[in-house]
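> next input, structure requested:
(chains A and B)
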Amino acid sequence: DAGVIQSPRHEVTEMGQEVTLRCKPISGHDYLFWYRQTMMRGLELLIYFNNNVPIDDSGMPEDRFSAKMPNASFSTLKIQPSEPRDSAVYFCATREGLLIEQFFGPGTRLTVL
Amino acid sequence: DAKTTQPPSMDCAEGRAANLPCNHSTISGNEYVYWYRQIHSQGPQYIIHGLKNNETNEMASLIITEDRKSSTLILPHATLRDTAVYYCIVRVEGGATNKLIFGTGTLLAVQP
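Below you'll find the model as predicted:
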């Protein structure tokens, strides 16, 4: 398996634009997590899904952020409109059932100018 | 989930054992201790976990004190590739929450 796949790896956009980050989980993993990492706040959990259903979105910072998981093979994190303070590395991680280990993707580095 | 305290940074000579401490004095009886690490520009990577017994795998050993208020992650023969931020996390497994709450971690610098 190729592991968790995220795209794009780097994104540079201007304030006010819509940004869509994508994640393809490891096949068979039924939990999917979205994290954000900044120097100031460290690694924060934004939202997670179980069997494509959002379970806890309490970490989503504002209504500008939304996440979907239309099927077991794909998830998106959308920011609309984007702001400079959204600049961060966004990680997707997946897990199989109640197993301990979360597998992280390589991350998407987002820069909002 | 219980809060953890780790030193912000540590140095270790290549080939020597790296011992990374973690305090979790408010840990509950059903909370596990997890260790992840994050190499620069990569996503975090699981290392090891334990409840109360010492654990060992191909990457590291985890020593948990008898009162479970602290633990130590041991990398027996550190290499330059082990330079990373190491996160100690405590949480209940199998409970209602599946969250991993990452603190600030310890930056381990392995020196040649």
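> low-confidence bits of the chain, can you list those?
I'll assume chain A. For chain A, applying pLDDT under 70 flags the ranges A:1.
> switch to chain B, that's the one I care about
B:1-2, B:93-98.
> residues from it in reach of chain A?
With CB under 8 Å from any CB of the partner chain as the criterion, chain B meets chain A at residues B:32, B:34, B:38, B:41-46, B:49, B:87, B:93-94, B:97-104. (Glycine included, C-beta is placed from N, CA and C.)
> in strands, which of the residues you listed fall?
Using DSSP state E, the members of those that fall in strands are B:Tyr32, B:Tyr34, B:Gln38, B:Gln45, B:Tyr46, B:His49, B:Tyr87.
> and the residue nearest to B:Asn57 when sequence neighbours are not counted, what is it in contact with?
Leaving aside its sequence neighbours, B:Asn57 sits nearest to B:Ile48 (CB to CB, 6 or more residues apart in numbering or on different chains; 5.5 Å). Contact partners of B:Ile48, counting by CB atoms under 8 Å, 6 or more residues apart in numbering or on different chains, are B:Tyr34, B:Trp35, B:Glu55, B:Thr56, B:Asn57, B:Met59, B:Ala60, B:Ser61, B:Leu62, B:Leu73.
> repeat that for 10 Å
Counting by CB atoms under 10 Å, 6 or more residues apart in numbering or on different chains, B:Ile48 touches A:100-101, B:33-36, B:55-62, B:73-74.
> again, but for B:Pro76
Listed by CB under 10 Å, 6+ apart, the contact partners of B:Pro76 are B:Gly15, B:Arg16, B:Ala17, B:Ala18, B:Asn19, B:Thr56, B:Met59, B:Ala60, B:Ser61.
> burial count for the third one?
The burial count assigned to B:Ala17 is 12, neighbours taken as other CB atoms under 10 Å in any protein chain shown.
> hmm, B:Ser61 and it touching each other?
Yes: using CB atoms under 10 Å, B:Ala17 is in contact with B:Ser61, at 9.3 Å.
> quick check: neighbours shared by those two?
By CB under 10 Å, 6+ apart, the residues touching both B:Ala17 and B:Ser61 are B:Ile74, B:Leu75, B:Pro76.
> quick one: B:Ala60 from chain A, how far?
Counting by CB to the nearest CB, to the nearest Å, the gap from B:Ala60 to chain A is 14 Å.
> surely that residue touches B:Ser71?
No: using CB under 10 Å, B:Ala60 is not in contact with B:Ser71; the gap is 11.4 Å.
> between those two, which contacts overlap?
B:Leu20, B:Trp35.
> any idea what the residue nearest to B:Asn57 is bridged to?
B:Trp35 (DSSP bridges).
> just to be sure, B:Arg81 is in a helix?
Yes: judged by DSSP: H, G, I helix; E, B strand; the rest coil, B:Arg81 forms part of a helix.
> count the neighbours of it for me.
B:Arg81, neighbours per other CB under 10 Å, totals 9.
> now do the contacts for it.
Contacts of B:Arg81 by CB under 10 Å, 6+ apart are B:Glu14, B:Ile39, B:Val110.
> please convert the buried members of these into PyMOL selection syntax.
Those of these that count as buried under 16 or more other CB atoms under 10 Å in any protein chain shown are selected in PyMOL with:
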select buried, chain B and resi 110
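> among the contacts of B:Arg81, which one sits closest to A:Val4?
A:Val4 lies nearest to B:Ile39 out of the contacts of B:Arg81, by CB to CB, at 15.7 Å.
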